[in-house]
Every structure is written in C-alpha cells, then in structure tokens.
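Participant: Here you go, sequence then predicted model.
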Amino acid sequence: MTIGPTVSGKISLARQMARRVIALDLGDFGSEVVAKAKICLLDFLSCAFEAGHHPWSRQAVSIANAGGSATIVGRPQPSSPADAAFANAVMGHGLVREDMHAASIAHHGVVIWPTLLALSEQTPLHGGRLLTAAIIGYETGARIGRALVSSDLARLYRPTGLVAPIGAALAGSFALGLSEDAATSAIAIAANTSSGLNEWPHAGGSDMYFHPGFAASNAIKAIGLAAAGAFGSETILEGEAGLFAAYRRQAAPDSVALFPNGESEIMAVYNKPVPACNFAQTAAQAALRVSRELAGADEIDRVVIRAPDAAVRYPGCDSTGPYRNALQAKMSIPFSVAATLARGVIAEENYAGLDDADIIRLVSVTDLKADAGFTAAFPGRQGADVTVHLRGGRTIRHALPDVIAATPSDIRARFRAAASRALGEDRAHRLEQLIDDCEQLGNAGAIAAQCRLDAPERVLRSAS
C-alpha cells in the first residue's frame, strides 16, 4: 500500500528518511566514516564480552529462548533474532561504557549493532551493506534526537529508548533491502515502541540496562512486521499524536535531513574512556589531573565542579548518595570525581567501594555547579572544571574544554583483552580481522558467528 504525500501535500518525515537512504552504498561515505563504524563495532563487542558476567547480562540471557540461529555474544546457545538482539544490547550497555552521541544524549550503537548482527545471521548480508546500514542507523537516530531531545525531556525520558529504535529500524530495513514503503512502515512501527523512563537513577533500579534491549528487540520486530506487509502510521513523527507532539510537546520540524552537505553523525559519536555516565567523563578526567598534584585525599577541604547545565540536570548526575549500587555511583558526577581524587585512577574498580570512607567524605564536601561557558559550548564540546581547595589554603584547578575520547588504539586494546578472555586469542584475532575487512565479506554473518562461544566449525565456515 503506497501512500506518498500526506493530506497536506507534504512528504512525511518517515518517508523522507526512507527515500533518502534507500539507494546509498558504502562508496557514498569517506574512509574516515567507514573506519569509525568499524571502531564503534569493536567497542560495542568489547563492552558486551566484558559485561557478560554482570547480573543484568545473565538475566537478559536467561529469558532468551533456545533455538534459532542468532548469536548471543560469548554464549554457546543461539536464540531467536529478537531475543539475541535483546541480550546483546543489554550486555553492550552493561559497563556504562557504550559509545555516546552528546547532541541527542543517546547511545545508538548499543541498539544498532545488536539489531544488525541478529539480522546478518538470518539473511545473507554483504559486509559493505552491514557497515552502510550502521552508518544510516547512527545518522537517523542522531538527527531525530537533535531535533527532539531537550534537557527537560531527558530528565523524564531516556533518549536512547526514544530515538534509537527508529534508527535501528531504518538501518535494518536498508540492510534487508526493503522497499521505501516497507522501510517507512518499519520506522513508524518502531516509533510506536519508543520508551524508557528515567526513574532508575532516583530509585536505584537496573531498568536502564534493559532500555537498549527493548529498543533492539522492538526494532527487529518492526522490521519483520513491515517486511510481512504491516502498514505503519506514516505521520508517526510529525502527526498530532506523533513522537514530537507526545514527547516534546511541540510541532516537529518540516524536515529531518540525513547526511546534509555530506556530513555523517557517526563522526560526532565518541567512544567513552571511562565506564561511567557520559556527563561524568570530562570531570573525572580533570580530577585525574588534580590528583597528580595531591599529597593525599585527606588534605582536601572542598571540591567545586563546574559542568554544562545539561550535565548538572541529567537524572542522577548530581547525586550525593547514599548509593545503593554501582550504577548510581557511575551516574554521579560528584562520586566519579571523588573516587578519582581518592584513588588517583579512573577505573571500573572506582565504583566497587560505595562505602569507602575517603570517597564518601569527598562527596560530602563537593559542590556541582552549572557553568555558563560550558553550557554555551554544549553539545559541540563537553567541558568541565574541577577546583580543589586544600586545608592549608592552597587551590588546585584543572579544566578541560572537552572530553578526551578513547582512541582507536585504546578501543582495540580493550577489545583484544575482553574478546581473548571469552574466545581465546586466535578467535579474538580472527574476529578483529573480520571487522577490519568487513567491506570485503560476502556474508557479514561471519562476524556474529565468530562471537559465539564454542561455535561448531561448520557454523563458522558457513558464515564465512
């Protein structure tokens, strides 16, 4: 059923986006964009391997039905595409170290990659098409997020849950070669599943870990329904009861341009160096520089942190405790800074000692303030300033104009460590090679298959 222009004569936003990407291929993007997509895939997998033992990961795997042919990362038993996508998304989010797009305040990779990896094992998919689909997914979710998400909205709703299902749905539609009509419907159906409430930082719940799982699983279902002929509401984004009216409470823009002037939003994605909330990253890095000038944490009298208003206002970021679990500590800018000052490092272990007396004392003497300059520069840059007042009257201050992202070398090192622990060095090396050579792969399902623990040799051969 083809609709095309709406009653007003305008092409719907969903159809505009579907029409824009349907004829793209990997050659339409520069080498730096392709390289970024590969790095984001490596980073996603490193997080999924490393977080596989966490409770939320085990819980997500435990509800996956056995059977099917979709790989759950680091597990031997395949599952259905939707269940595998759910589990992989939860694991990829499990460290709170997933890639970040600041302007949409969203984590797109933990939804896009699980969706595409699951689809790649159902339908033969060329590696170049997989990468192109991923770039489209990041672009779509990020552009919608830029227009939709405000700091007020993000205090209530999780941006990842609102916009990433839509990006993943268009990515998957492109990957499978769906028609413009079907891709438009997939977007519409996925938008109906947009969800995720931000009560978890206040209540200490683990809801957050499951947001990208629902998003990826729902994207798989939206794509499948559209492919089967389901017809979605074409004006789901701009309609009077559409996404913008429901969540932003204002009219949608007339257009959400994808790849304007040849620009790709994936290049605005950064890979976290620290396993903590996006908004805690820069402040923790500034605190690390301060810690190198300290004789000891006991000489600190008072700490002042300045950050963008969006950081100060995001749920949980201003928390001074008590901290019921590591997630609340990872969300808290005061805790992240205090732990860095007390321990002189930024590491996962910083969030293990929630009752550490030195850290709790520093949190109690910390002020977190919005800074006009950092607010004006956000989201293009995420600056932070940490000033420590010592008991003797001396002051130590370090400011950073922007977060220092993990480098490709950093990402490869932590991928190799995590993948080798799960798969062994030989298979980890083979997996990295497959991703590096992705555009030459005749069947991109080889990447997902290589992630399966104890995968039979016949499975690895058939996916190659």
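Facilitator: Noted; the coordinates are in hand.
Participant: Can you pull the phi/psi pair for the closest residue to residue 325 other than its chain neighbours?
Facilitator: With Cβ to Cβ, 6 or more residues apart in numbering as the measure, residue 204 is the residue that lies nearest to residue 325, at 5.7 Å, once sequence neighbours are left out. To be clear about C-beta, it is placed using only N, CA and C from the backbone, and glycine gets the same treatment. In this entry, residue 204 is assigned phi and psi values of phi 80, psi 20 (degrees, to the nearest 10).
Participant: ok, residue 204 - how many residues close by?
Facilitator: Neighbouring residues of residue 204 were enumerated by other Cβ atoms under 10 Å; the total is 14.
Participant: who touches it in this structure?
Facilitator: Residue 204 makes contacts with 324, 325, 327, 328, as judged by Cβ atoms under 8 Å, 6 or more residues apart in numbering.
Participant: How about residue 364?
Facilitator: With the criterion set at Cβ under 8 Å, 6+ apart, residue 364 makes contact with residue 320.
Participant: what about it, distance to residue 344?
Facilitator: 20 Å (Cβ to Cβ, to the nearest Å).
Participant: How about residue 194?
Facilitator: Between residue 194 and residue 344 the computed distance is 42 Å (Cβ to Cβ).
Participant: roughly how far apart are residue 348 and residue 320?
Facilitator: Distance, residue 348 to residue 320, using Cβ to Cβ: 22 Å.
Participant: Could you do residue 57 as well?
Facilitator: Plainly put, residue 57 is 29 Å away from residue 320 if you go by Cβ to Cβ.
Participant: Same question for residue 405.
Facilitator: Taking Cβ to Cβ as the criterion, residue 405 is separated from residue 320 by 28 Å.
Participant: Stretch 229-248: end-to-end distance?
Facilitator: Counting by Cα to Cα, to the nearest Å, the length from the leading to the trailing residue of stretch 229-248 is 30 Å.
Participant: sorry, back to before: more neighbours, residue 194 and residue 344?
Facilitator: residue 194 (24 against 15).
Participant: thought the more buried one was touching residue 166?
Facilitator: Yes. Using Cβ atoms under 8 Å, residue 194 is in contact with residue 166, at 7.2 Å.
Participant: returning to that earlier point: give me the buried subset of the contacts of residue 204.
Facilitator: Among the contacts of residue 204, those classed as buried by 16 or more other Cβ atoms under 10 Å are 327, 328.
Participant: hmm, which two among the contacts of residue 204 are most spread apart?
Facilitator: Maximum pairwise distance in the contacts of residue 204, criterion Cβ to Cβ, is 8.7 Å, between 324 and 327.
Participant: What residue, apart from its backbone neighbours, is nearest the residue in the chain sticking out farthest from the centre spatially?
Facilitator: Outermost residue of the chain with respect to the C-alpha centroid, by Cα atoms, centre = their mean, is residue 392; its distance is 43.1 Å. Using Cβ to Cβ, 6+ apart and skipping residues adjacent in sequence, the residue nearest residue 392 is residue 299, 7.1 Å away.
Participant: for that neighbour, what are its contacts?
Facilitator: For residue 299, the set of contacting residues under the criterion of Cβ under 8 Å, 6+ apart consists of 390, 391, 392.
Participant: Going by residue numbers, what spans are helices in the stretch 101-250 of the chain?
Facilitator: Using DSSP state H, counting those that start in this stretch, the helices found in the stretch 101-250 of the chain span residues 109-120, 127-148, 151-154, 159-175, 180-191, 200-203, 207-227, 243.
Participant: Got the confidence number for the spatially closest residue to residue 440 that is not a sequence neighbour?
Facilitator: In space, residue 440 comes closest to residue 127 once its chain neighbours are excluded; the distance is 6.4 Å by Cβ to Cβ, 6+ apart. Note on residue 127: pLDDT of 98.
Participant: hang on, residue 127 packs against residue 439?
Facilitator: Yes. The criterion here is Cβ under 8 Å, and residue 127 meets it with residue 439 at 5.3 Å.
Participant: The two: which is more packed in?
Facilitator: Neighbours per residue (other Cβ under 10 Å) separate residue 127 from residue 439, with residue 127 holding more: 22 against 18.
Participant: And that one, how far from residue 437?
Facilitator: The spacing between residue 127 and residue 437, counted by Cβ to Cβ, is 8 Å.
Participant: What strand or helix carries residue 68?
Facilitator: If you go by DSSP states H and E, residue 68 is part of strand 66-70.
Participant: Can you name the residues that contact the residue nearest to residue 24 when sequence neighbours are not counted?
Facilitator: For residue 24, the nearest residue in space outside its immediate sequence neighbours is residue 132; the separation is 5.9 Å by Cβ to Cβ, 6+ apart. Applying Cβ under 8 Å, 6+ apart, we find residue 132 in contact with 24, 25, 26, 28, 29, 174.
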